[in-house]
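Undergrad: Sharing a model prediction with you, sequence too.
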Amino acid sequence: MNRNVGRLLAGGVALALATATPLAAKTLVYCSEGSPENFTPALNTTGTSFDAARPVYDQLVHFVRGSAELEAGLAESWVVAPDGLTITFKLRKGVKIHSGVNGFKPTRDFNADDVIWSFERQGKAEHPFAKVSGGKYDYYADMDMAKIVKSFTKTDDTTLVMALNEPNVPILANLAMDFASIHSAEYADFLLKAGKPEQFDQNPVGTGPFSFVAYQKDAVIRFKKNADYWGEKALVDDLVYAITPDPTARYSKLKAGECHFAIAPRPADVAEIGNDPALKLSKQSGLNIAYWAFNVQKKPFDDKRVRQAMNMAIDKPTIIRDVYLGAGQAAKNLIPPTLWGYNDAVQDYPFDPAKAAALLKEAGVTTPLEIDLWYMPVQRPYNPNAKRIAEMMQADLAKVGVTATLKTYEWGEYRKRAQQGEHTTAQLGWTGDNGDPDNFFFLRGCSAARAGGQNLTKWCNKDYDDMLNKAKSSPDAAARAELYKKMQVIEHDEAPDMKIAHSIVYEAMRKEVEGFKQSPLGGHHFKGVDIK
């Protein structure tokens, strides 16, 4: 029956859950929200793409499932030198690498060569795979990994030394992030010799709890259990991602039993889901931010008075009330108030259209001012309805003489164009990757403001950036927190964006799903998840 499920999905036909007997294979179906850009996390920046690749890979260090605490991953232990400039990792022995769907069969277990290959692809221009699939490693670049990391060297197959150019407090947490996923160097050599290196990022091979089976764009991704997995086991035999962008359609599939789990239910559906005896909800305050970015490289947004005016022109309380429906709180800082280093003394910009109009006039802006306002084509945990928010912004802006033209693109194209700085203004957001404040503040750092970087505002402030870099190297958490508080004051005054909301994140699933642990970092992990 479960093989039939896979065939139905591959053909794009409606999925029916398998009513398996105790001896039958188990299939877990996840109604996801979008298609991945590819299956190599180092090339991507979106939760959609990370979720799609996550079953396949491991990292040196893992986050404990359901938390931001660190635990051993492919490295069973590590030692940080007293000066903080080297970290020596002892790697696990006997970790099996998946076979590929294109004929690849590993001849050895995971070892240090795979780690070195995975990081040097991102950090060395001469690496044979550096330019494959476009060769853009935004996380590695925007987090200054090239500046921080001096080298990776191996003492033997199971001992790896990571040398740093300077001490870096968040580095271990960074190594647990998706961009630091470990690949198979032997698989890369196999494809290079076959003249098919582009398959590396489309037909993934890793060491994770599931191995890749097939992908049909905008329809389905299929994985199967890795029976040889070294860590917490997959409890289902098959994992299927039924790609369903529309939240109403996801909810319908969940109710009908066509998927076991659905991402990002609409706030309007939460109460009904909670009252349905066949369904259940998980929720927690999101480690996230939704924001509206102003491209400071385009006039008149190079003037902070214009950016401040935009903050005052938008009726944020009404957006929170009518779009988030109680599942979000107004944001005034990049980091959420649940994260250490939060500066509650910062005062949010008031909704004041008269003051906004006066600031525009003071800045020499002639109205009507025409701008574009990009909105995301997908629902994200931090933004339940980007188009609706854009429409409300458009109406508010019209009242102060600003004509906003709404624009969007396919999700991968949206990200690529916005990171290049094509927009005048654009909605986006962030879910923290590692539980460290640095993971939010780097979004306004100068490295990330480059063309192609994740700082969509393209704003670069030397004082802010100096504090950002100083905080990374300080072992004193209290000193770091004080730096972060000062950075929030600078960023608020300069107003390269308008912070919209921090959301409550809901996960919807059927009652028969057991063992799912909601991650504060926003990712979905299906190892350890079972179906009754």
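TA: Ah, there it is. Numbers count the residues shown, from 1 in each chain.

Undergrad: Extract the CA atoms of the longest strand anywhere in the chain and return them as PDB.
TA: As assigned by DSSP state E, the longest strand anywhere in the chain is strand 497-510. Output of strand 497-510 as PDB, limited to C-alpha atoms (Å, rounded to 0.1, in the frame of the first residue of the first chain):
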ATOM      1  CA  ASP A 497      13.800  48.500   7.900                       C
ATOM      2  CA  MET A 498      10.500  48.400   9.600                       C
ATOM      3  CA  LYS A 499      10.100  45.500  12.100                       C
ATOM      4  CA  ILE A 500       6.600  44.000  11.800                       C
ATOM      5  CA  ALA A 501       6.200  41.100  14.200                       C
ATOM      6  CA  HIS A 502       7.500  38.200  16.200                       C
ATOM      7  CA  SER A 503       5.000  35.400  15.700                       C
ATOM      8  CA  ILE A 504       3.800  32.400  17.700                       C
ATOM      9  CA  VAL A 505       4.600  29.300  15.600                       C
ATOM     10  CA  TYR A 506       1.900  26.600  15.300                       C
ATOM     11  CA  GLU A 507       2.400  23.100  13.900                       C
ATOM     12  CA  ALA A 508      -0.600  21.100  12.900                       C
ATOM     13  CA  MET A 509      -0.700  17.300  12.800                       C
ATOM     14  CA  ARG A 510      -3.000  14.300  13.000                       C
END
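
Undergrad: need the next SSE after it, C-terminal direction.
TA: strand 513-514 (DSSP states H and E).

Undergrad: in its sheet, what does the very next helix or strand once past that following strand sit against?
TA: Counting by DSSP H and E, the next helix or strand C-terminal to strand 513-514 is strand 530-531. Using DSSP bridges, the strands paired with strand 530-531 are strand 513-514 (antiparallel).

Undergrad: Show me the contact partners of the strand it pairs with.
TA: Here strand 513-514 makes contact (C-beta atoms under 8 Å, 6 or more residues apart in numbering) with 28, 260-261, 280, 529-532. (Glycine included, C-beta is placed from N, CA and C.)

Undergrad: Tell me which two in the residues you listed are the farthest apart.
TA: Farthest-apart pair in the contacts of strand 513-514 is Leu28 and Lys280; separation 15.1 Å (C-beta to C-beta).

Undergrad: Using ChimeraX, define a selection of the buried residues within the contacts of strand 513-514.
TA: In ChimeraX syntax, the buried subset of the contacts of strand 513-514 is picked out as below (16 or more other C-beta atoms under 10 Å):
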select :28,260,261,280,529,531
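
Undergrad: With distance to Phe190 and pLDDT added, can I get the contacts of strand 513-514 in CSV?
TA: Output for the contacts of strand 513-514, formatted as CSV (distance: C-beta to C-beta, whole Å; pLDDT from 0 to 100):
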residue, distance to Phe190, pLDDT
Leu28, 30, 98
His260, 35, 98
Phe261, 34, 98
Lys280, 44, 97
Val529, 32, 98
Asp530, 34, 98
Ile531, 35, 97
Lys532, 40, 91
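
Undergrad: what are the ranges of the helices in the stretch 251-400 of the chain?
TA: Ranges of helices in the stretch 251-400 of the chain, per DSSP state H, counting those that start in this stretch, are 270-275, 304-313, 316-319, 353-362, 386-398.

Undergrad: Would you list the strands that the helix or strand following the last one pairs with, along with their directions?
TA: It refers to helix 386-398. Under the assignment DSSP H and E, the closest C-terminal helix or strand after helix 386-398 is strand 402-407. Partner strands and pairing direction for strand 402-407 (DSSP bridges) are strand 369-374 (parallel).

Undergrad: what residues does the partner strand touch?
TA: Identification of contacts with strand 369-374 by C-beta under 8 Å, 6+ apart yields 292, 300, 360, 390, 393-394, 397, 401-409, 414, 418, 423-427.

Undergrad: How far does that strand sit from its chain's centre?
TA: Relative to the centre of its chain, strand 369-374 is centred 26 Å away, using C-alpha atoms, centre = their mean, to the nearest Å.

Undergrad: how about that strand: buried residues?
TA: In strand 369-374, counting by 16+ other C-beta under 10 Å, buried: 369, 371, 373-374.

Undergrad: Quick one: mean pLDDT over it.
TA: If you average the pLDDT over strand 369-374, you get 98.

Undergrad: Extract the CA atoms of that strand and return them as CSV.
TA: Taking Å, rounded to 0.1, in the frame of the first residue of the first chain, the C-alpha atoms of strand 369-374 are listed here in CSV:
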residue,chain,number,x,y,z
LEU,A,369,6.4,59.2,-4.5
GLU,A,370,6.4,56.0,-6.4
ILE,A,371,8.0,52.9,-4.9
ASP,A,372,7.8,49.1,-5.4
LEU,A,373,6.8,46.9,-2.4
TRP,A,374,7.8,43.3,-2.8
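
Undergrad: Low-confidence stretches in the stretch 201-350 of the chain?
TA: The model of the stretch 201-350 of the chain has no residue with pLDDT under 70.

Undergrad: can you give me the strands in it?
TA: Assigned by DSSP state E, counting those that start in this stretch, the strands in the stretch 201-350 of the chain fall at 210-216, 220-225, 238-243, 261-263, 279-285, 288-294, 328-330.

Undergrad: Determine which of those approaches Leu70 most closely.
TA: Nearest to Leu70 among those is strand 279-285 (19.2 Å), distances taken as C-beta to C-beta.

Undergrad: Residues in contact with that closest one: which ones?
TA: Contact with strand 279-285 is made by 254-255, 265, 270, 273-274, 336, 338, 502, 504-511, 513, 516, 518, 520, as judged by C-beta under 8 Å, 6+ apart.

Undergrad: follow-up on the earlier one: so for Arg307, which of the strands of the stretch 201-350 of the chain sits nearest?
TA: Set against Arg307 and scored by C-beta to C-beta, the strands of the stretch 201-350 of the chain come closest in strand 288-294, at 5.0 Å.
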